[in-house]
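1. Quick check, what structure comes out for this input:
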Amino acid sequence: MDINVIRVAVTVLGLVLFIALVVHTWSRSRKAEHDAAAMLPFAGEAGEAVAPARQGELK
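-> Okay, the predicted model is just below:
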């Protein structure tokens, strides 16, 4: 077996695994997890969600 065949196989395997990871990450079944992660910067100290303040609005 030639070294170039091994290199091609590893490259193709890496590409297939990358595409599988992207499809898994951006699947619709993970939307709730993405929405929860997007709200993390606005969580209070106890972890409860706090609505972000609007610009010019005082707390």
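2. counting contacts, what elements does the lengthiest helix in the chain pack onto?
-> Ranked by number of residues, the top helix in the chain under DSSP state H is helix 3-25. In terms of contacts (3 or more CB pairs under 8 Å, 6 or more residues apart in numbering; DSSP states H and E), helix 3-25 is packed against no helix or strand at all. C-beta coordinates here come from the backbone N, C-alpha and C atoms, glycine included.
3. the inter-axis angle of the helix or strand following it versus helix 3-25?
-> Downstream of helix 3-25, the next assigned helix or strand under DSSP states H and E is helix 31-38. Computed by axes from the mean of the first three to the mean of the last three CA atoms, to 10 degrees, the angle separating helix 31-38 from helix 3-25 equals 80 degrees.
4. Averaged pLDDT, helix 31-38. What do you get?
-> In this model, helix 31-38 has a mean pLDDT of 90.
5. What residues sit buried inside that helix?
-> Residues of helix 31-38 classed as buried by neighbour count (16 or more other CB atoms under 10 Å): none.
6. That helix: how far from the chain's middle?
-> 9 Å (CA atoms, centre = their mean, to the nearest Å).
7. Over to stretch 3-14?
-> 27 Å.
8. In PDB, list the C-alpha atoms belonging to it.
-> Listed next in PDB are the C-alpha coordinates belonging to stretch 3-14 (Å, rounded to 0.1, in the frame of the first residue of the first chain):
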ATOM      1  CA  ILE A   3       1.700   6.200   1.600                       C
ATOM      2  CA  ASN A   4      -0.400   8.400  -0.700                       C
ATOM      3  CA  VAL A   5      -3.300   6.000  -0.500                       C
ATOM      4  CA  ILE A   6      -3.200   6.200   3.300                       C
ATOM      5  CA  ARG A   7      -3.000  10.000   3.200                       C
ATOM      6  CA  VAL A   8      -6.100  10.200   0.900                       C
ATOM      7  CA  ALA A   9      -8.000   7.800   3.200                       C
ATOM      8  CA  VAL A  10      -7.200   9.800   6.300                       C
ATOM      9  CA  THR A  11      -8.200  13.000   4.500                       C
ATOM     10  CA  VAL A  12     -11.500  11.600   3.200                       C
ATOM     11  CA  LEU A  13     -12.200  10.100   6.700                       C
ATOM     12  CA  GLY A  14     -11.600  13.500   8.300                       C
END
